[in-house]
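Enquirer: What shape does this take:
(chains A and B)
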Amino acid sequence: GAVVSQHPSRVICKSGTSVKIECRSLDFQATTMFWYRQFPKQSLMLMATSNEGSKATYEQGVEKDKFLINHASLTLSTLTVTSAHPEDSSFYICSARRTGGPLNTGELFFGEGSRLTVL
Amino acid sequence: QKEVEQNSGPLSVPEGAIASLNCTYSDRGSQSFFWYRQYSGKSPELIMSIYSNGDKEDGRFTAQLNKASQYVSLLIRDSQPSDSATYLCAVTQAAGNKLTFGGGTRVLVKP
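Expert: Residues are numbered from 1 along each chain as shown, chains lettered A, B, ... in the order given. Below is the predicted model:
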């Protein structure tokens, strides 16, 4: 199956700092990537849809100025958590759909996830 | 009303038995349906996809879809302790290609 790599897998930072998480599709091109957040014992919540070469689409309630998304190439999307606070501590997971798949039927391939802890 | 609903469980089943998981969704125009398995601390992995009404079997897993009832289920036959995980139902919205997840059902398979 397709491989999506996410880095770092675990990061601890001080409150007020910024953290960048990378998501790469290793063996396929992805014009669209998705960023999810998962708090303990809860399901995945979609934060934003990352579109290659254009602005990301954010879900309601997600601050676009706090969660900066850049999708500069067909294989890389980055999520930057700016001025992180303890309440931003969560499991962040990216996913990608292979370009060229049938619309609305493509499978999503998930990265390994990044656990962010803000002290 | 949540867009995708699942019983949170835990669903406890003895080893070798059948685990039955249910999921309902609110968007009648939904096109694609997926079951993901997520172990604690890990990201989800796809185990089944289904796009048309009826049953779809893959090994010990069977997915069932009933679009009229807006209902999708997953059966796990001959359950093993390694099947203990949270199972997430996910639906692709008709209006776009983003995936919406249910809350997940925690399954515990006891030896």
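
Enquirer: in the sheet, who's paired with residue A:67?
Expert: Here residue A:67 sits in beta bridges with residue A:81, as judged by DSSP bridges.

Enquirer: Low-confidence ranges, chain A, go.
Expert: Scanning chain A with the threshold set as pLDDT under 70 gives A:1-2, A:98-106.

Enquirer: Kindly report the same for chain B.
Expert: Along chain B, the parts satisfying pLDDT under 70 run over B:1-2, B:94-97.

Enquirer: near chain A, which residues of it show up?
Expert: Proximity of chain B to chain A, by C-beta under 8 Å from any C-beta of the partner chain, involves residues B:31-32, B:34, B:41-46, B:49, B:51, B:88, B:90, B:92, B:94, B:96-104. Yep, even glycine has a C-beta here, placed from its N, CA and C like the rest.

Enquirer: Turn the buried ones among those residues into a named ChimeraX selection, would you?
Expert: Remark: buried members of the residues of chain B next to chain A, expressed as a ChimeraX selection using 16 or more other C-beta atoms under 10 Å in any protein chain shown:
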select /B:31,32,34,43,44,46,49,88,90,92,97,98,99,100,101,102,103,104
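
Enquirer: Next step: the residues of chain B next to chain A restricted to helices.
Expert: Judged by DSSP state H, these include no members of helices.

Enquirer: how far away is the residue of chain B most remote from its centre from chain A?
Expert: Using C-alpha atoms, centre = their mean, the residue of chain B lying farthest from its centre is residue B:111. It sits 22.4 Å away. Per C-beta to the nearest C-beta, to the nearest Å, residue B:111 is found 24 Å from chain A.

Enquirer: How about that residue: what's its closest non-neighbour residue?
Expert: In space, and not counting its chain neighbours, residue B:111 is closest to residue B:15: 5.1 Å by C-beta to C-beta, 6 or more residues apart in numbering or on different chains.

Enquirer: got it, and residue B:14?
Expert: residue B:110 (5.7 Å).

Enquirer: what does residue A:57 give?
Expert: Nearest to residue A:57 is residue A:49, by C-beta to C-beta, 6+ apart, at 4.4 Å.

Enquirer: That neighbour: what's it in contact with?
Expert: Contact analysis of residue A:49 by C-beta atoms under 8 Å, 6 or more residues apart in numbering or on different chains lists A:32, A:33, A:34, A:35, A:56, A:57, B:98.

Enquirer: all helices for chain A, in order.
Expert: Using DSSP H, no helices are found in chain A.

Enquirer: Residue numbers of it in contact with chain B?
Expert: A:6, A:32, A:34, A:36, A:42-46, A:49, A:91, A:93, A:95, A:97, A:103-113, A:115.

Enquirer: which SS class is residue B:82?
Expert: helix (DSSP: H, G, I helix; E, B strand; the rest coil).

Enquirer: Report the contact partners of it.
Expert: Residue B:82 makes contact with residue B:109, according to C-beta under 8 Å, 6+ apart.

Enquirer: let's go with 10 Å and repeat that
Expert: For residue B:82, the contact set (C-beta atoms under 10 Å, 6 or more residues apart in numbering or on different chains) comprises B:39, B:109.

Enquirer: Excluding chain neighbours, what is closest to residue B:73?
Expert: residue B:64 (4.6 Å).

Enquirer: Angles on the backbone of residue 64, please.
Expert: As the question left the chain open, I've gone with chain A. Backbone torsions for residue A:64, taken as degrees, to the nearest 10, come to phi -70, psi -30.

Enquirer: Nice, that's everything, thank you.
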